[in-house]
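J.: Next comes the sequence, and after it the predicted model I'd like to discuss.
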Amino acid sequence: MSIRPTAYEFFAGGGLAGLGMAGFDTIFANDMDPAKARAFTANHPETPFRQGDVWGLTVDDLPGRPDLAWASSPCQDVSLAGARGGLEAGRSGAFWGFWRLMQGLAAEGRGARVVVLENVIGLLTSGQGRDFAAVCAAMAEAGYMVGALEMDAAHWLPQSRPRLFVVAVKGEAPRASGPVAPFHSARLVAAHARLPEAVRAAWAWWSLPQPPRRNLDLAAVLEPDAAVAWLDDPEAILALAAPLHRARIAAALASGRRTVGAAYRRVRMEDGRKVQRLEIRFDGLAGCLRTPAGGSSRQYVVVCDQGRVRVRRLTGREAARLMGVSDAYRLPASESAALKLMGDAVAVPVVRALTEGLLAPALAGRPAAA
């Protein structure tokens, strides 16, 4: 009888990484946020879950020997939209609380064969590249082969959401002889070139199958028009659009077709002063889901149809669909809580592609549990 591989899920949020790790059994999960903890336990009642700061955990709290340890550590201090305090800052420093546990497990002979760190692309350049180098060096010093991939949810879902996945493996895993698009961008290649020689010696250009052609667009995940509340005065928000974005609306209206777009309010510098602007896209994608703590406002849905423009806010359920979550997933009752939960999460199909193409093959030859 086959034995399913086991996983830990740190900074688990609502458990979307676990949803993507098909074929794995999550034997421990952790997050310190009470609202996220409630969402996790509501949707994964059988998974052992510990709410609290990762720094408050010890190896004695961790059951068994995991095959894989997943960490979606807080991104606020390494995000391009944040203060760029780097991994030394409190929230992103949580990675080191996680890594302390990985070292403790290894000392007991319970170390994970695969470790995954998911974060924003800004990790490549935060701290002038020192943060990325420090993560990779820690993994290499622990005896892992280490590599990274950029994966944009837009290959699978109608949402622009690039994320970085640093993957450490003990043993063999699918790899390429060098960088391969779209997973190894020019900025990732540049970050690799800045790594210390000892880390580059332990580097692997992990290989994944090319993503399929996406067959969903934004309109496909939205609620029916009659089921949502529209802004009474859309012009109040549309007036914030710069001329380029007003022209996009005019072109959508002139087409005579129903055209669905997404928009965010952004603060831009114009003539030396900060100006709030509405920025709209009609390319079939939503903008990257964010939370208020990430510096962006709530996303709008813009519909041009029959000579008029209607505007409303994206709902929590729609945000969940944009993350690849089924409607059976239990969201918080509060719209703002649901949006925060999804805005902080990892897209399910992205994790599934990473799992099927790299993580599961890396563990295919693992020894049976003692």
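T.: Nice, I can see it.

J.: average pLDDT across the helix or strand containing Arg310?
T.: Assigned by DSSP states H and E, Arg310 belongs to strand 308-313. When pLDDT is averaged along strand 308-313, the result is 96.

J.: what's the next secondary structure element after that strand?
T.: Using DSSP H and E, the first helix or strand after strand 308-313 is helix 316-322.

J.: centre of the chain versus that following helix, how much separation?
T.: Centroid displacement of helix 316-322 relative to its chain, using CA atoms, centre = their mean, to the nearest Å, is 14 Å.

J.: Can you name the residues in contact with that helix?
T.: With contact meaning CB atoms under 8 Å, 6 or more residues apart in numbering, helix 316-322 is reached by 157-159, 221-223, 286, 289, 299, 301, 327, 329, 331-332, 335, 337-339, 341-343. For the C-beta atoms, the positions are set from N, CA and C on the backbone; glycine is no exception.

J.: In the chain, where is pLDDT below threshold?
T.: Applying pLDDT under 70 to the chain picks out residues 1-2, 75-92, 292-296, 365-370.

J.: Let's see stretch 38-52 as CSV, backbone CA atoms only.
T.: Taking C-alpha atoms only, stretch 38-52 is exported to CSV below (Å, rounded to 0.1, in the frame of the first residue of the first chain):
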residue,chain,number,x,y,z
ARG,A,38,-10.9,30.4,12.1
ALA,A,39,-11.0,30.1,8.3
PHE,A,40,-8.5,27.4,8.3
THR,A,41,-10.2,25.3,11.0
ALA,A,42,-13.6,25.8,9.3
ASN,A,43,-12.3,24.4,6.0
HIS,A,44,-9.8,21.9,7.3
PRO,A,45,-11.3,20.5,10.5
GLU,A,46,-9.2,17.3,10.4
THR,A,47,-5.9,19.0,10.1
PRO,A,48,-3.9,19.6,13.4
PHE,A,49,-3.7,23.4,13.7
ARG,A,50,-1.8,25.6,16.2
GLN,A,51,-2.6,29.3,16.4
GLY,A,52,0.3,31.5,17.5
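
J.: Would you mind listing the buried residues in that stretch?
T.: Arg38, Ala39, Phe40, Thr41, Asn43, His44, Thr47, Phe49, Arg50, Gln51 (16 or more other CB atoms under 10 Å).

J.: Repeat that for stretch 137-149.
T.: Under 16+ other CB under 10 Å, the buried positions of stretch 137-149 are Ala137, Ala138, Met139, Ala140, Ala142, Tyr144, Met145, Val146, Gly147, Ala148, Leu149.
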